[in-house]
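Q: Could you look at this predicted model? Sequence included:
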Amino acid sequence: MNLPQYYAVVPAAGVGKRMQADRPKQYLSLQGEVVLARTLKRLLQANIFTAIVVAISPEDPYWTELDISTHSQILTAAGGKERADSVLSALKTLENQVDNNDWILVHDAARPCITANDIHKLIATVSDDAIGGILALPSHDTLKQVEGGAIQQTLDRRKVWRALTPQMFRFGVLKQALEQTQGNPAITDEASAIELIGLTARIVEGRPDNLKITQPDDLRLAQFYLEQQ
Ligand code: CTP
Ligand code: MG
């Protein structure tokens, strides 16, 4: 049997509503370069991917303006209504060239501060697993479960982690999980689809500077992190 190959899938078909900018956040400029181009360059730097599939909205006028859009290792797929639809669309693009055991690393376009080190750490920790795993962060704050503005209870902090990306799964398992849970609003990342079909994903501690650009202040924070790196 061949050694498993590694592919990256980058959902980049969101509109960035919470960012309130004049264009989707993945096309905002960060230290003189567009966020999505930065993210893709970080993935290329990891030097592990056979190909990278970017899910782009069919209405997106910005993608083809980027120099990196013609890179020989980068393919595109049509983005969908929800993030999970965009990821599934990218998986279908790969269908004819991948093996069920090959690895898919799904990474948000809006996380440009990802390091090659964290990608390699995730791969080194998870690559002997039958299912996969994700980068995540332990919580430093005390966590409260809240309903209607009132605290119900304090959660055990050691048991609650913040999910980041990349999220790394075997192609066959991930495709099956996303197909079986399609349309379920509880699916906000790949791991939640895996959990919902009764499988278990591993957790690997990532760097806290791997933020997802979500609201206006995050752009300055991302710039700070990039300078520090
Ligand atoms: N994404 C996607 N297809 C969608 C929705 C989101 O590919 N239908 C991508 C986004 O482009 C982003 C990643 O999924 O890279 C994480 O989603 P999120 O941070 O929620 O981005 P947006 O949906 O664009 O932002 P918002 O929720 O504020 O509108
Ligand atoms: Mg969103």
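A: Sure, I can see it. Ligands and ions are numbered 1, 2, ... in the order given.

Q: Spell out, range by range, the helices that occur in this protein.
A: Using DSSP state H, the helices of the chain run over 35-45, 83-94, 116-126, 171-180, 190-196, 218-228.

Q: Any idea which residue of this structure lies closest to ligand 1?
A: residue 14 (2.0 Å; C-beta to the nearest ligand atom). For glycine as for every other residue, the C-beta is placed from the backbone atoms N, C-alpha and C.

Q: and that residue, how many residues sit next to it?
A: 20 (other C-beta atoms under 10 Å).

Q: what's near enough to touch the closest residue to it other than its chain neighbours?
A: Sequence neighbours aside, residue 24 is the residue nearest to residue 14 in space, at 6.2 Å (criterion: C-beta to C-beta, 6 or more residues apart in numbering). Applying C-beta atoms under 8 Å, 6 or more residues apart in numbering to residue 24 gives the contacts 12, 14, 15, 16, 57, 60, 62.

Q: Which pLDDT value belongs to residue 24?
A: pLDDT for residue 24: 98.

Q: Make 98 the starting number, not 1.
A: Done: numbering now begins at 98, and the last item shifts to residue 121.

Q: quick one on the thing from earlier: reformat the contacts of residue 121 as JSON lines; add pLDDT.
A: Below are those laid out as JSON lines (pLDDT from 0 to 100):
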{"residue": "109", "pLDDT": "98"}
{"residue": "111", "pLDDT": "97"}
{"residue": "112", "pLDDT": "97"}
{"residue": "113", "pLDDT": "96"}
{"residue": "154", "pLDDT": "98"}
{"residue": "157", "pLDDT": "97"}
{"residue": "159", "pLDDT": "98"}
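
Q: now those residues: which count as buried?
A: Neighbour counting by 16 or more other C-beta atoms under 10 Å classes 109, 111, 113, 154, 157, 159 among those as buried.

Q: In JSON lines, list those residues along with distance to residue 256.
A: Formatted as JSON lines, the buried ones among the contacts of residue 121 follow (distance: C-beta to C-beta, whole Å):
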{"residue": "109", "distance to residue 256": "32"}
{"residue": "111", "distance to residue 256": "30"}
{"residue": "113", "distance to residue 256": "32"}
{"residue": "154", "distance to residue 256": "37"}
{"residue": "157", "distance to residue 256": "39"}
{"residue": "159", "distance to residue 256": "41"}
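
Q: need the residues of the chain near ligand 1, please.
A: 108-115, 121, 123, 152, 176-180, 183, 205-207, 309, 311 (C-beta under 6 Å from any ligand atom).

Q: Could I have the buried ones of those as ChimeraX selection syntax?
A: Per 16+ other C-beta under 10 Å, the buried members of the residues of the chain next to ligand 1 correspond to this ChimeraX selection:
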select :108,109,110,111,113,121,123,152,176,177,179,180,183,205,206,207
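
Q: taking the residues of the chain next to ligand 1 one by one, which sit in strands?
A: In strands, defined here by DSSP state E, the members of the residues of the chain next to ligand 1 are 108, 152.

Q: Quick check: residue 175 touching residue 186?
A: Yes. Taking contacts as C-beta atoms under 8 Å, residue 175 lies within contact range of residue 186: 5.5 Å.

Q: how deep is the residue lying closest to residue 150 once chain neighbours are set aside tucked in, by neighbour count?
A: Spatially, and ignoring its direct neighbours in sequence, residue 150 is nearest to residue 187 (4.2 Å; C-beta to C-beta, 6+ apart). Residue 187 has 29 neighbouring residues, counting by other C-beta under 10 Å.

Q: Surely residue 187 is in contact with residue 106?
A: Yes. When contacts are counted by C-beta under 8 Å, residue 187 is listed as touching residue 106 (4.3 Å).
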